[in-house]
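> okay, sequence plus prediction incoming.
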Amino acid sequence: MGILTVRAPDSQQAMEEVLRLLGPEAYILSTSQRDGLIEIRAARDLPPPAVRPPAPEPAPPEADPPPRRLTLAGLSVAPQEGAAPLRAVPRAQSFGELLEDRKRLTGAAPLVAERGWLPPRPDFGPSDGLEALAGRLLSDAPIRLPARLVIAGPPGAGKTLLALRFAALAMEERPGVEPLILAPRLGTEAVDARLRHWTRLLALPLDRPLLADLDLALAEAPDPLRPEIVDLSCRPDAAPDLLGALMEAGAEAVLALPSGLAPRALARWAVAPAGTRVCLTRTDLWTPEEAELAALADTGLRLGWESGGAGVVDALRRMDRRRLGLWAGEWARPQEEEEP
């Protein structure tokens, strides 16, 4: 069994290189950061169990004194009986174990929306224009993760990656849930290789029913312990009536729009039923402009989420006034630099 080691500036590029060289059936053995790069060790197959030589017969114990061993601290302690043997076969770390290790190392409690999550207090000064824009764009009630979510948007908005980020956020905020990714298809088109690989890496179930049979694939009622995330990448021109039908079935709709759209293009794509929340994607590449957000506010839709980065974890955030204030600071920065 050959082990492939890939290094890249971020996890997305490293995973794509593993996918290109080994295919979607590869096993991730370890992920680490070295010299500012992400290093991933992967293989096509798990290594065979190591064959250990037969242990020699233990010597008869001495009557006095009992056998003891020395630790690195210089203390002499008696050996433990019935200790668990060392694992002979390396095992790929699951996504749930990765989250647990991350919580243990950082010591940070997860942001649990169901436990009274409230947006942080804004740290910017009073601004009538900013407050008016925030009042038109943001919702006063805390945003909760729904038990059934449908994601729509124009081509290239990042709907598939956004569905994976919602699933990862649900697993982090509500330990024990098992999100289901539903990626409907129009015919016999093959599954996206990255979607197949990421769902396998995160241990997420993936279902690809025909779009016409999507209602049969949904549960009778939304289950908070098994949230359903519907990725409508097969229909980038999803009509409001399709979203309305899914919302009548208990789903909450999210419209994914890439950051940096011109106001006219945003007005063209920001068409959705009332109650749909907007998620601006690729905010790490392009800070939303004031005219863009004003055009979004004119549509009557609420801005609920923003997403950016190359990974899946810590790449999806709830929108609040503080985040809007940070964007407003970016708007004012070029004017300040031009002043003598």
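Everything's here; your move. Residues are numbered from 1 along each chain as shown.
> okay, CA-based contacts and neighbour counts for the rest of this
Will do.
> the chain: helices as residue ranges?
11-22, 95-106, 128-137, 159-173, 193-201, 214-217, 240-248, 263-269, 290-298, 321-338 (DSSP state H).
> out of the ones you listed, which one sits most buried?
Of the helices of the chain, the one with the most neighbours on average (mean count of other Cα atoms under 10 Å) is helix 159-173, at a mean of 22.
> other SSEs contacting that helix?
strand 148-152, strand 180-182, helix 193-201, strand 228-231, strand 316-318 (3 or more Cα pairs under 8 Å, 6 or more residues apart in numbering; DSSP states H and E).
> CA atoms of it as PDB?
Coordinates of each C-alpha in helix 159-173 appear next as PDB, following Å, rounded to 0.1, in the frame of the first residue of the first chain:
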ATOM      1  CA  LYS A 159     -24.500  25.800  -3.500                       C
ATOM      2  CA  THR A 160     -22.900  22.400  -3.100                       C
ATOM      3  CA  LEU A 161     -20.100  23.600  -0.800                       C
ATOM      4  CA  LEU A 162     -22.700  25.600   1.100                       C
ATOM      5  CA  ALA A 163     -24.800  22.500   1.700                       C
ATOM      6  CA  LEU A 164     -21.800  20.800   3.200                       C
ATOM      7  CA  ARG A 165     -21.000  23.800   5.400                       C
ATOM      8  CA  PHE A 166     -24.600  23.800   6.800                       C
ATOM      9  CA  ALA A 167     -24.200  20.100   7.600                       C
ATOM     10  CA  ALA A 168     -20.900  20.600   9.300                       C
ATOM     11  CA  LEU A 169     -22.300  23.500  11.300                       C
ATOM     12  CA  ALA A 170     -25.300  21.400  12.400                       C
ATOM     13  CA  MET A 171     -23.000  18.600  13.600                       C
ATOM     14  CA  GLU A 172     -20.900  21.100  15.500                       C
ATOM     15  CA  GLU A 173     -23.700  23.000  17.200                       C
END
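> between helix 193-201 and that helix, find me the angle.
Relative orientation of helix 159-173 versus helix 193-201 (axes from the mean of the first three to the mean of the last three Cα atoms, to 10 degrees): 10 degrees.
> between helix 159-173 and strand 148-152, how many degrees?
Using the same axes, to 10 degrees, helix 159-173 lies at 150 degrees relative to strand 148-152.
> give me the contacts around helix 159-173.
Contact with helix 159-173 is made by 96, 99, 110-113, 145, 151-153, 177-181, 195, 198-199, 202, 229-233, 256, 307, 312-316, as judged by Cα atoms under 8 Å, 6 or more residues apart in numbering.
> just how off-centre is that helix within its chain?
4 Å (Cα atoms, centre = their mean, to the nearest Å).
> equivalent analysis for stretch 141-160, please.
Remark: stretch 141-160 is offset 12 Å from the chain centroid, using Cα atoms, centre = their mean.
> what about that stretch, average pLDDT?
Average pLDDT, stretch 141-160: 90.
> list the buried residues for that stretch?
Across stretch 141-160, burial judged by 16 or more other Cα atoms under 10 Å covers 142-143, 145-154, 157-160.
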